[in-house]
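Peer 1: sharing a sequence plus its predicted fold:
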Amino acid sequence: MPTRTHEEFTLRTADDPDVARAMRALVARTWPRYLAAAGPADPMTQGAYFLDTLCARWPALQFVLEDEHGEAVVSCNWAPMAHSGNTATLPAEGWDWAIAHASRCQDAGLAPTHGCALAITIAPEHQGRGLAYVALKHMRQLASDMGLRALYAPVRPNHKERFPTLPIGKYIEMRRPDGLLQDPWMRVHERLGAHIVGACERSMCLGGRPDEWADWCDADLSTSGPHVLPRMLSPLEVDLDADWAVYVEPNVWMVHPL
Ligand SMILES: CC(C)(COP(=O)(O)OP(=O)(O)OC[C@H]1O[C@@H](n2cnc3c(N)ncnc32)[C@H](O)[C@@H]1OP(=O)(O)O)[C@@H](O)C(=O)NCCC(=O)NCCS
């Protein structure tokens, strides 16, 4: 049964196939095209694949918030996993690792001890209205209700795209004069009680042919080397001789104690 979560919104989970479809459609129209289109290093993880994996394995944990017209305006995606709790072991392969590790834990029948936030997607027309807080609070609450010890998050710092060549380690230290984190999405996590563990430099690795990337990004990729492109957190590395281009997205590990 849908649960009221906010005076304007209704929570529904992806064990209903209609909800899973709405979730896919929302992610597809909100994320940069290349994120959903580029080929994954591991077919369990990126783009459309990651939603397939999460909805198949943990459908009751994947949820949307619907508005009064029954439109999904927020998609929240996460996974439970077994972990020692030693955050120093959270790897540089953040997002890719999290989905693969959670899947291995489930396959091995290990009882989850932690949750890992993977994506919170707000419909473009609803962004900037405080919904990131509503969504993340609900994810934390679900993880807490399951008795999990902490919620990990390989956070995609959304304004890193404004500093694509700045090393991630420097970017995540940037704070405003009032002391709060410069990055809006990291700031949401910190305001809700999360702390930074460190950069995960190779959180998401995506590959494809240069002509495919040129189409996904509407870019001229006629030279080899790094290309700074819109909505990317780091440059795309193009190798025309190999007919291949790779995007390695840096994220930041943050931890919400529960
Ligand atoms: C990143 C995202 C989740 C933020 O959600 P949101 O509902 O727009 O954000 P909120 O309105 O809750 O605001 C969160 C913070 O960001 C700030 N913010 C929101 N939009 C902003 C903008 N365009 N420019 C600068 N800051 C902005 C808000 O001021 C707020 O910070 P504050 O509370 O310190 O003032 C949303 O933009 C989104 O879905 N983006 C696409 C998918 C994505 O990148 N997801 C994150 C990785 S999984």
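Peer 2: That came through fine. Residues are numbered from 1 along each chain as shown.
Peer 1: would you mind listing what in the stretch 51-200 of the chain touches the ligand?
Peer 2: Selection of the stretch 51-200 of the chain residues close to the ligand by CB under 6 Å from any ligand atom yields 119-122, 127-133, 156, 158, 184-185, 187-188. For every residue, glycine as well, the C-beta is placed using N, CA and C.
Peer 1: mind giving me the ChimeraX command for buried ones among those?
Peer 2: Only the buried entries of those go into this ChimeraX selection, using 16 or more other CB atoms under 10 Å:
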select :119,120,121,122,131,132,156,158,185,187,188
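Peer 1: where along the stretch 101-250 of the chain do the helices fall?
Peer 2: Assigned by DSSP state H, counting those that start in this stretch, the stretch 101-250 of the chain shows helices spanning 131-145, 168-171, 184-191, 210-217.
Peer 1: I'd like the ones you listed as TSV, with mean pLDDT appended.
Peer 2: Shown next, in TSV, are those (pLDDT from 0 to 100):
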stretch	mean pLDDT
helix 131-145	96
helix 168-171	98
helix 184-191	98
helix 210-217	94
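Peer 1: list the contacts of Phe50.
Peer 2: By CB atoms under 8 Å, 6 or more residues apart in numbering, the residues touching Phe50 are 44, 77, 99, 118-119.
Peer 1: now, which of those sits nearest the ligand?
Peer 2: Ala119 (4.0 Å; CB to the nearest ligand atom).
Peer 1: was I right to think the closest one contacts Leu26?
Peer 2: No - between Ala119 and Leu26 there is no contact under CB atoms under 8 Å: 10.4 Å.
Peer 1: shared neighbours of those two, anything?
Peer 2: Counting by CB under 8 Å, 6+ apart, the residues touching both Ala119 and Leu26 are Ser75.
Peer 1: elements contacting whatever helix or strand Arg29 lives in?
Peer 2: Using DSSP states H and E, Arg29 sits in helix 17-30. Here helix 17-30 touches helix 47-57, strand 63-66, strand 72-81, strand 114-122, going by 3 or more CB pairs under 8 Å, 6 or more residues apart in numbering; DSSP states H and E.
Peer 1: as CSV, those with mean pLDDT would be great.
Peer 2: Formatted as CSV, the helices and strands packed on helix 17-30 follow (pLDDT from 0 to 100):
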stretch, mean pLDDT
helix 47-57, 83
strand 63-66, 96
strand 72-81, 97
strand 114-122, 97
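Peer 1: for Val197, which of these is the nearest?
Peer 2: For the helices and strands packed on helix 17-30, the distance to Val197 is smallest for strand 114-122, at 12.5 Å, taking CB to CB.
Peer 1: just give the strands next to that closest one in its sheet, each with its orientation.
Peer 2: Using DSSP bridges, the strands paired with strand 114-122 are strand 72-81 (antiparallel), strand 150-155 (parallel).
Peer 1: ok, and the closest non-adjacent residue to Val235?
Peer 2: Wrong residue type there; residue 235 is Pro, not Val. Spatial nearest neighbour of Pro235, excluding adjacent residues (CB to CB, 6 or more residues apart in numbering): Pro226 at 3.7 Å.
Peer 1: before we move on, back to that, and the contacts of Phe50, which of them are buried?
Peer 2: 44, 77, 99, 118-119.
Peer 1: now Trp95: which helix or strand?
Peer 2: helix 94-107.
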